[in-house]
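**Q** task: produce atomic coordinates for the following.
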Amino acid sequence: MANSFLRTLDKIGGWITYFRNFVLNSIFLFCFGIVALIIFFSIIGFIVSNGTDKAILKEEAMSYKILTINIGPTIIDNIEKDTPIKAIIRELNPDASIEPTSRVELEYVLNNLPNYNIDTVLLNFTQTEGIRLDIAHDIGAKIDKLSKENNIKFYAFAHSYNQSVYALASHANIIAVSDLGEVEIKGLAMKTIYAKDLLDNLKIDMYTPHVGTHKSAIEPITRNNMSPWVKEEYSGILNDLWGLYKTEVTKARQDTLKFDSQFSDNQEYLTSLTKDYNFNAASVAKANGAVDVVTSYTELLQAIATEKNEKLQITDKDNSQFITHSVDFKKFLSYLDFDPFKSGANKNKRVAVVYGLGEIVTQANDSRSEYFTAVDTVAQLRKLRKDKDLNAIVLYINSPGGEVFAADQIRNELEILHNKGVKIVVYVSGMCASGGYWISTVADKIISSESAIVGSIGVFGIVPQFNRFINEYGLTVDGVANSDQAATSFLTGFNEKQKTVIQASINNIYNKFLGLVQDARHYQTKEEVDSLAQGKIYTANTALKLNLIDKVGNFNDALLETRKLINATDDEPLNVFISSNDAQNELSAFTSLLIKTTSKFNQNIALQLLNDITNEPIVKHTIKATTLKKPQVMAITETEIEF
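**A** You can find the predicted model right below:
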């Protein structure tokens, strides 16, 4: 009886197991089938999309007459290669922040406009916070050429223009501003905060070993004001830059701009604002020729549509406005054969562009958007070392300097390539100071934009000493050591022996710096270099007179110099490509799937998980931007320079 009951239970268990396996297998086969179908159709879609006839894309691009370019918070020098991490960030948080506009992309689109039917371009500056003068000058020159030679009409619009944005907007044929806006032309300033008294009150001593009378970076902690010699130096630089700015905007406006009347520091402007135009700054700007139209963005769109016999319509997706037969910048770029990282065929002479932007550090360790890191740059240069057909490198620099050992690492890698016969040209966009110039001494030629800052040949260190601070609050440090130097630290203060050792290291680095400059720039003696070094900074034209650079020009001039160095003829095509570190920002397929799956439930958790897995600065920056919910514009300068 018992055996019969057990056999019955065994059969029931077998049925249950069979049913369970059947259900689980069915679910598995169903899920597998879904995944297989997704993969199948994705492959088909990929094949179809890649097989799209380029002629069809060309025909679609040719149908547009109006191009809208929404300029981001700023225009950055470079373009970063898309990576799996960046792609997944866009998918997780597409509206985290407004991305800056890439100069590389913008120039590529402008260069290609003559090949299409675009005859009207609208530059929308409503989200733009600042544009460097050298970028405004170079992009503006392309706008002027397209307007003159190809009859392309450029419009510019902003709710309000600050003077750095206006430097580019001034090149448009028609400049519009809203009735509540203004055109701000107020002058330049170089200033910083000084903290000597604050540190003294806190009983914190700052030891600042340095070489160079003009190394202004240490003054904020050693003085309560700017030294007379630095003031004199900065005043000369500001006068040069202000002259360049005034020339830029007045020439762009073809002398219709009454610059002095629009300069808000003049009484004439204040009188016009408060009396003649009833406090309406936009009307003052129009009267002074700074703008052509005072209107709203919608009214400007309608005016353009009417002029072009088009219609102003509203999209179903997000209710945004658009003009028929118009296309936005990103979509138009997608029609073009644009891949600046593609190195192409080896039959043409090969030139790699390497970007060195931001503070020079060994490795980035926070969410700041721009660092000139030794880890990334050295990896790129070693990758280029494997390229047996490489003819030249153009090092595109905008850096205030930074860590001396990181700068020396980068320079050493460049020197290895140079010794292998690779020509090196440095192009200075905004700044090439201190460690940036240290790196540049390996170059065959240095070309600088006219508004760039060059020099700061000097060395300094900043070492805090907290012994008085901790003693004030009842803390002491005690122990034993077998030498005076071993006993010193930032909690005990540094004795004269230790200071002598540190200063000797600073002097040694400075002496090497002078030697590098002497050899690279062919000065007769180190004393000659020392007289123009001392931490002094110069505008490009002064740097040219002092032989610190070879030419004042733009990036195209740097490429022309590269042609000469590698013996390429004027009509010989160059294979120019942007270098990148492909080892960065890699994600496994499983990690990508995990992040995307998590995002279906909570995007913030997915972002945090991505941060925990990768520990990449770009992810940290995205989380921070998401939290702040406003555009982030990063700038790295030794002092605040207001445009």
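**Q** relative to Phe263, how far out is Leu270?
**A** According to Cβ to Cβ, to the nearest Å, Leu270 and Phe263 sit 10 Å apart. C-betas here are computed from N, CA, C, even on glycine.
**Q** between these two, point out the one with more neighbours.
**A** Between Leu270 and Phe263, Phe263 has the larger neighbour count (other Cβ atoms under 10 Å), namely 16 against 12.
**Q** number of nearby residues for the residue lying closest to that one once chain neighbours are set aside?
**A** Leaving aside its sequence neighbours, Phe263 sits nearest to Ile185 (Cβ to Cβ, 6 or more residues apart in numbering; 5.2 Å). Close neighbours of Ile185, defined as other Cβ under 10 Å, add up to 26.
**Q** quick one: which helix or strand includes Ile185?
**A** For Ile185, there is no enclosing helix or strand under DSSP states H and E.
**Q** do you know how far it is from Trp229?
**A** Taking Cβ to Cβ, one finds Ile185 at 29 Å from Trp229.
**Q** can you check Glu561 too?
**A** Note on Glu561: its distance to Trp229, by Cβ to Cβ, is 34 Å.
**Q** between those two, who's got more neighbours?
**A** Comparing Glu561 with Trp229 by neighbour count (other Cβ under 10 Å), the higher total belongs to Glu561, at 23 against 13.
**Q** put the alpha carbons of whatever helix or strand the more buried one lives in into CSV.
**A** Element membership of Glu561 [criterion: DSSP H and E] is helix 555-565. The C-alpha trace of helix 555-565 is given here as CSV (Å, rounded to 0.1, in the frame of the first residue of the first chain):
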residue,chain,number,x,y,z
PHE,A,555,45.3,76.3,-38.3
ASN,A,556,45.4,76.3,-42.1
ASP,A,557,48.7,78.2,-41.9
ALA,A,558,50.0,75.4,-39.6
LEU,A,559,49.0,72.8,-42.3
LEU,A,560,50.8,74.9,-45.0
GLU,A,561,54.0,74.9,-42.9
THR,A,562,53.6,71.1,-42.5
ARG,A,563,53.4,70.8,-46.3
LYS,A,564,56.7,72.5,-46.6
LEU,A,565,58.4,70.4,-44.0
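**Q** what residues does it touch?
**A** Residues outside helix 555-565 that contact it (Cβ atoms under 8 Å, 6 or more residues apart in numbering): 138, 351, 392, 394, 396, 423, 425-427, 429, 444-445, 447, 550-551, 568-570, 572, 574, 576.
**Q** from those residues, which ones fall inside helices?
**A** Asp138 (DSSP state H).
**Q** which members of the contacts of helix 555-565 are positioned in strands?
**A** Among the contacts of helix 555-565, the ones falling in strands (DSSP state E) are 351, 392, 394, 396, 423, 425-427, 429, 445, 447, 551, 574, 576.
**Q** let me have those in TSV, extended by neighbour count and distance to Glu99.
**A** Converted to TSV, these look like this (neighbours: other Cβ atoms under 10 Å; distance: Cβ to Cβ, whole Å):
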residue	neighbour count	distance to Glu99
Val351	25	27
Ala392	25	31
Val394	26	25
Tyr396	20	20
Lys423	21	34
Val425	28	29
Val426	28	28
Tyr427	29	24
Ser429	25	19
Lys445	19	33
Ile447	26	28
Lys551	14	33
Leu574	17	29
Val576	18	24
